[in-house]
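Q: Below is the sequence, then the predicted model.
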Amino acid sequence: MQSSRFLKPAILSLSFLSVLSGVAVSPALGQIRLAFPDASDLAIQLVLTLPPLLVIPVSLFSGALALIFKRRQMLFVGLVIYILGGLGGGLVNSLPLLLVTRALLGIGNGVVAPLSLSLIADFYTGEERAKTMGLSSAMATLSGVVMPLISGWLAVYDWHYAFASYLISLPVCILVWRFLPEPPLTVKTPGDVKKLPRVVYAMGFLTFLLMVVFYLIPARAALFLMETGIGNSSQSGLVIAALNVSAFLVGLWFGSLRSFLKRFTNLFGIVMLGSGLGILFISQSLPMVIVAMFIAGLGIGVLMPIIFLGTANLVPASLNATALSIINSSLYLGQFASPLVFAVIASIFHTEGVRNYFLSGALMTAIAAIGVAMLTFKKKESRNE
């Protein structure tokens, strides 16, 4: 390692790439639609949905490979595939080839995303690990805000130019090559487990449920504004910005917030997310929607670092890449399943409409909050005995 000063920036730069894979070129989708008028709507949507969809199996596979190969080598392979897939989209002129490049991007991100989290667990412990997990979440949120703005501006000139936003992956690759060493070898003790404990899979399931509920908000925001007459599609960017800015700020201060809230941190995150969904259900004005988005952002900004941190703390260092790959896959699976789950709920209870979707999410979150509150106070009582 050349300079420990740049170790954390090198690790956090990888978090910046994880969200970028899916959303970076979303503003160019309209121009891509015009460029391929004979293509189906599904094929056009795959430009956005194919990368995160492929992250799910590849992330699981890379977690298993991390037990065999050196993580730094795997990371460079993932980064090279990521760069080829990202920039390659701007060099092709047919939709099938464009989808091939998007598939490569998803494969690369499936390797990079879980390793970016496991590196935090490899190099940091205690409060520094918690603080860095929060910063990682903040960086991922920041990329979701900044990069679509850049690609949208580039897409005005030509949709191919939007893929130039992936040029950010080149300095990230250089930063990692220059300042990121191979994680330290872990000394195995007789008490070390050789396979993942069941609680890791339980954390994966909780992550899945969290993303099913949370993804209602960014996925349905524009439709909600138009359906209710509160706003228009251009104002949806403003409300999504409120969500992302809130999550970003919480990520920056996650370590301090966790130290202040202590065992109530989980409960705080769930209550904030549920409150945001509840306020969205009753919202009648754009300012009220913005407030709801900001509150929900506080919730997700707390809950995601907690899940990653909790999972890393549950397993020995040798298994953290495998464990975090489970969580990463569950995250993307929850995003994919969210519209399907709420469509089924709406069909069963005859509660169609975006506003009622938010109510369903708020009720689910309220049930979770009650459960977490009971566990929190039960632990407090057991400690006082």
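A: Yes, it's here. Residues are numbered from 1 along each chain as shown.
Q: Provide a list of residue ranges in the protein with pLDDT below threshold.
A: 1-3, 20-23, 185-194, 233-234, 378-385 (pLDDT under 70).
Q: Domains of it: list them as residue ranges, please.
A: Domain assignment of the chain by automatic domain parsing yields the ranges 1-185, 193-385.
Q: residue ranges of the helices in the stretch 151-300 of the chain, please?
A: For the stretch 151-300 of the chain, helices defined by DSSP state H, counting those that start in this stretch occupy the ranges 169-179, 198-214, 216-228, 233-252, 254-261, 265-282, 286-314.
Q: Reformat the domains of the chain into CSV and put mean neighbour count next to each item.
A: Every residue, glycine included, has its C-beta placed from N, CA and C. Below are the domains of the chain laid out as CSV (neighbours: other Cβ atoms under 10 Å):
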stretch, mean neighbour count
domain 1-185, 20
domain 193-385, 19
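Q: Remind me what the helix or strand where residue 100 lies packs against, helices and strands.
A: Residue 100 belongs to helix 95-123 when assigned by DSSP states H and E. Secondary-structure packing of helix 95-123 (3 or more Cβ pairs under 8 Å, 6 or more residues apart in numbering; DSSP states H and E): helix 7-23, helix 41-65, helix 71-88, helix 126-155, helix 286-314, helix 320-349.
Q: wait, which of those is closest to residue 178?
A: With Cβ to Cβ as the criterion, residue 178 lies closest to helix 7-23 of the helices and strands packed on helix 95-123, at 7.6 Å.
Q: helix or strand right after that closest one?
A: Per DSSP H and E, the helix or strand that comes after helix 7-23 is helix 29-35.
Q: chain center to that following helix: distance?
A: Helix 29-35 has its C-alpha centroid displaced from the chain centroid by 26 Å (Cα atoms, centre = their mean, to the nearest Å).
Q: Show me what that helix is packed against.
A: Taking 3+ Cβ pairs under 8 Å, 6+ apart as the contact cut, helix 29-35 packs with helix 41-65.
Q: what sits against residue 109?
A: Residues near residue 109 by Cβ atoms under 8 Å, 6 or more residues apart in numbering: 17-18, 21, 51-52, 55, 58, 78, 82.
Q: Spatially nearest residue to residue 373 (excluding sequence neighbours)?
A: residue 267 (5.7 Å; Cβ to Cβ, 6 or more residues apart in numbering).
Q: correct me, but the one you found touches residue 369?
A: Yes: Residue 267 lies in contact with residue 369 (Cβ atoms under 8 Å); the separation is 6.5 Å.
Q: Tell me which residues touch the closest residue to residue 84 other than its chain neighbours, please.
A: Nearest non-adjacent residue to residue 84, counting by Cβ to Cβ, 6+ apart: residue 104, 5.7 Å away. Residues near residue 104 by Cβ under 8 Å, 6+ apart: 81-82, 84-85, 88.
Q: Residue 296 - nearest residue in space that isn't next to it in sequence?
A: residue 276 (2.6 Å).
Q: Then residue 342?
A: Closest to residue 342 by Cβ to Cβ, 6+ apart is residue 357, at 5.0 Å.
Q: that older thread, Throw the helices and strands packed on helix 95-123 into CSV and include distance to residue 214, thanks.
A: Listed next are those as CSV, based on distance: least, Cβ to Cβ, whole Å:
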stretch, distance to residue 214
helix 7-23, 14
helix 41-65, 15
helix 71-88, 25
helix 126-155, 13
helix 286-314, 5
helix 320-349, 8
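Q: Can you say which of the ones you listed is nearest to residue 173?
A: helix 71-88 (4.8 Å).
Q: Show me what the closest one is packed up against.
A: Under the contact definition 3+ Cβ pairs under 8 Å, 6+ apart, helix 71-88 sits against helix 7-23, helix 41-65, helix 95-123, helix 169-179.
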